[in-house]
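Colleague: Predicted coordinates and the sequence they were generated for:
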Amino acid sequence: MQQENMGVRLLLFPLPLQGHAIPMFHLANLLQKKGFLITIVQTRYNSPDPNNFPLFTFHFLEDGLPANATPAPNDYSTVLSVLNTNCLTPFYNCLSQILCKAAKDQEPIACLIADPMWSFAGSVSSRLKLPRITLRSTSMSAYFVYHSLPSLRDKGYYPLQETKFDELVPELPPLKVKDLPPEAGQDLLADTVKETNTSQGIIWNTFEELEDAYITRVRQVLSIPIFPIGPIHKYSQQSPVNIWAQDQTSISWLNKQAPHSVLYVSFGSIAAVSKADFIEIARGLANSKQAFLWVVRHGLIEGSNENNPLPLPNGYLDMIGQRGHIVNWAPQQEVLAHPAVGGFWTHCGWNSIMESISEGVPMLCLPCFADQTMNMRHVCDNWKIGLQLEKGLKSEEIERAVKKLLVEEEGAALRNRIKALKEKATLSLKEGGSSYKSLEDLTNYLLSL
Ligand code: UDX
């Protein structure tokens, strides 16, 4: 711990979606260890229990959504828009009070660290003359694509043409035209790029050795400092960031499996699949005859609700017996670190990819939306640590892909490559490593604000 930081406070403002809040809380743990005092400003909706973080101070915003509405509804863009409307005034009032009290107590506050999907964090912090840093929970390459959208439009990539879908985008290797963000939703992307670019620094959950080319390009286009400090969840063995209850039978079940024999299947906190795809996945997993741990959270199946039984084929659970285990929500980081896990079927959310790389687990990739398609392309075509699957696929193709990943030579080659990347990730966090140095730079920068 760096004692000289004691007494300097940071205000953190996470977005209440798992893929965003989890890295923000890892960052909070990390900066607290560096000696900063941590205040979290959070919604009542879908946020962690403060009792799990006794070292932090919490302030709640009245967000107008039901506090217990977990899991987050699949229509996350509606949730975001409601939160961005409802939280503006409560956030301004909350920050004003915190700053007033700090001035009275003569307690220094270095800055606000906010998620760039809060559309008002920039305007509120500049009104209150509080420096602001951004934490981005997506990859450097995805950000670069979002940043480049105006020039991609000028170059004629939009509207996207289906006849060109399989062509490479030479400006953004190894992306193909079909990987580019669709037109719908680009206003939201433009807002987050603006929030990012107008901040006084950007923290990234990535590391130099993974994304060096895009890190260099981002440094060329931005004049603010950037801090790639990832993998952000690996700095300490501190308890995980539980927002939803994690089913610990995941671990007791894994304890009974052979090394590298299990496929872990999870599509993150928001993505959904059709009922037809769900049934094909269930069949493919069963027919592969490989062991699997499958996260089927509420909302995973489009149009279903908590009261609907899972649409599993007749006699499914008897058929898979002890070979498969289905849970609602798993302790994912622990699962991926477990020696029994040999592969990860993921939707390619950025946190999942960083967690998989950190444990050297090769992937099957079924991207659903947002940055996931671009992430998949890097996983499969750039780093070559995963195999691509397409939506609408049949159980036979799933069966083949699962076997390829877990028991065939192609999977072994992917495993070797991701193990080498894991080594690089581990080294980057050690003294003298790139993320270690970046974290030191960040600490000094926060103290200079
Ligand atoms: C969202 C976006 O959808 C994603 O595209 C973006 O890159 C980040 O924000 P999400 O879809 O939830 O995230 O996926 P991901 O980024 O993988 O984050 C999920 C988090 O939940 C991970 O930290 C993972 O460890 C955790 N998780 C997931 C669990 O703890 N248990 C589970 O059962 C599943």
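Modeller: Nice, thanks for sending it over. Note that the coordinates shown come from a computational prediction; the quantities given were computed from them, not determined experimentally.
Colleague: what's near enough to touch residue 26?
Modeller: 232-233, 235, 241 (C-beta atoms under 8 Å, 6 or more residues apart in numbering). From N, CA and C alone the C-beta is placed, and that goes for glycine too.
Colleague: residue ranges for the strands of this structure, please.
Modeller: 9-13, 37-43, 57-61, 109-114, 132-136, 202-204, 226-228, 262-266, 291-295, 324-327, 341-346, 363-365, 386-388 (DSSP state E).
Colleague: for these, which one sits closest to residue 432?
Modeller: strand 226-228 (15.4 Å; C-beta to C-beta).
Colleague: in its sheet, what does that closest one sit against?
Modeller: According to DSSP bridges, strand 226-228 forms sheet pairs with strand 202-204 (parallel).
Colleague: So which residues make contact with the partner strand?
Modeller: 27, 113, 133-136, 140, 196, 222, 224-230, 442.
Colleague: And that strand, what's buried?
Modeller: Residues of strand 202-204 classed as buried: 202-204 (neighbour count, 16 or more other C-beta atoms under 10 Å).
Colleague: Out of those, flag the one nearest to residue 446.
Modeller: When the buried residues of strand 202-204 are compared against residue 446 (criterion: C-beta to C-beta), the nearest one is residue 203, at 9.9 Å.
Colleague: possible to save the strands of the chain as CSV with mean pLDDT?
Modeller: Output for those, formatted as CSV (pLDDT from 0 to 100):
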stretch, mean pLDDT
strand 9-13, 98
strand 37-43, 97
strand 57-61, 97
strand 109-114, 98
strand 132-136, 98
strand 202-204, 98
strand 226-228, 98
strand 262-266, 98
strand 291-295, 98
strand 324-327, 98
strand 341-346, 98
strand 363-365, 98
strand 386-388, 97
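Colleague: which of the contacts of strand 202-204 are buried?
Modeller: Counted by 16+ other C-beta under 10 Å, those give 27, 113, 133-136, 140, 196, 226-230, 442 as buried.
Colleague: Greatest separation within these: which pair is it?
Modeller: Applying C-beta to C-beta across the buried ones among the contacts of strand 202-204, the maximum distance is between 113 and 140, 17.9 Å.
Colleague: Contact residues of the stretch 1-150 of the chain facing the ligand?
Modeller: Within the stretch 1-150 of the chain, the positions adjacent to the ligand are 18-20, 22, 137-138 by C-beta under 6 Å from any ligand atom.
Colleague: Buried subset of those as a PyMOL selection?
Modeller: Applied in PyMOL, the following selects the buried portion of these according to 16+ other C-beta under 10 Å:
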select buried, resi 18+19+20+22+137+138
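Colleague: Which single one of the residues of the stretch 1-150 of the chain next to the ligand is nearest to residue 346?
Modeller: Of those, the one sitting nearest to residue 346 (C-beta to C-beta) turns out to be residue 19, at 12.0 Å.
Colleague: hang on, the closest one packs against residue 353?
Modeller: No. Residue 19 lies out of contact with residue 353 (C-beta atoms under 8 Å); the separation is 11.0 Å.
Colleague: ok, which stretches of the stretch 151-300 of the chain are helices?
Modeller: 186-197, 208-221, 249-254, 275-288 (DSSP state H, counting those that start in this stretch).
Colleague: quick one, which of those helices is nearest to the ligand?
Modeller: The minimum distance between the ligand and the helices of the stretch 151-300 of the chain falls on helix 249-254, with 8.1 Å, by C-beta to the nearest ligand atom.
Colleague: tell me what that closest one is packed against?
Modeller: The elements that helix 249-254 packs onto, with contact taken as 3 or more C-beta pairs under 8 Å, 6 or more residues apart in numbering; DSSP states H and E, are strand 291-295, strand 324-327, helix 332-337.
Colleague: Quick one: distance of the longest one to the chain centre.
Modeller: By that I understand helix 332-337. Distance, stretch centre to chain centre, for helix 332-337: 14 Å (C-alpha atoms, centre = their mean, to the nearest Å).
Colleague: One more: stretch 345-355?
Modeller: The answer for stretch 345-355 is 7 Å, by C-alpha atoms, centre = their mean.
Colleague: tell me the residue furthest from the middle of the chain?
Modeller: residue 104 (37.8 Å; C-alpha atoms, centre = their mean).
Colleague: could you check the distance from that one over to the ligand?
Modeller: In this view, residue 104 and the ligand are 38 Å apart by C-beta to the nearest ligand atom, to the nearest Å.
Colleague: Same question for residue 125.
Modeller: 23 Å.
Colleague: Could you tell me which residues make contact with that residue?
Modeller: 95, 112, 114, 131-132.
Colleague: can you list those in a markdown table and add neighbour count?
Modeller: Listed next are the contacts of residue 125 as a markdown table, based on neighbours: other C-beta atoms under 10 Å:
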| residue | neighbour count |
| --- | --- |
| 95 | 23 |
| 112 | 27 |
| 114 | 26 |
| 131 | 18 |
| 132 | 23 |
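Colleague: The ligand: which of those is nearest?
Modeller: Closest approach between the contacts of residue 125 and the ligand, by C-beta to the nearest ligand atom: residue 114, at 15.4 Å.
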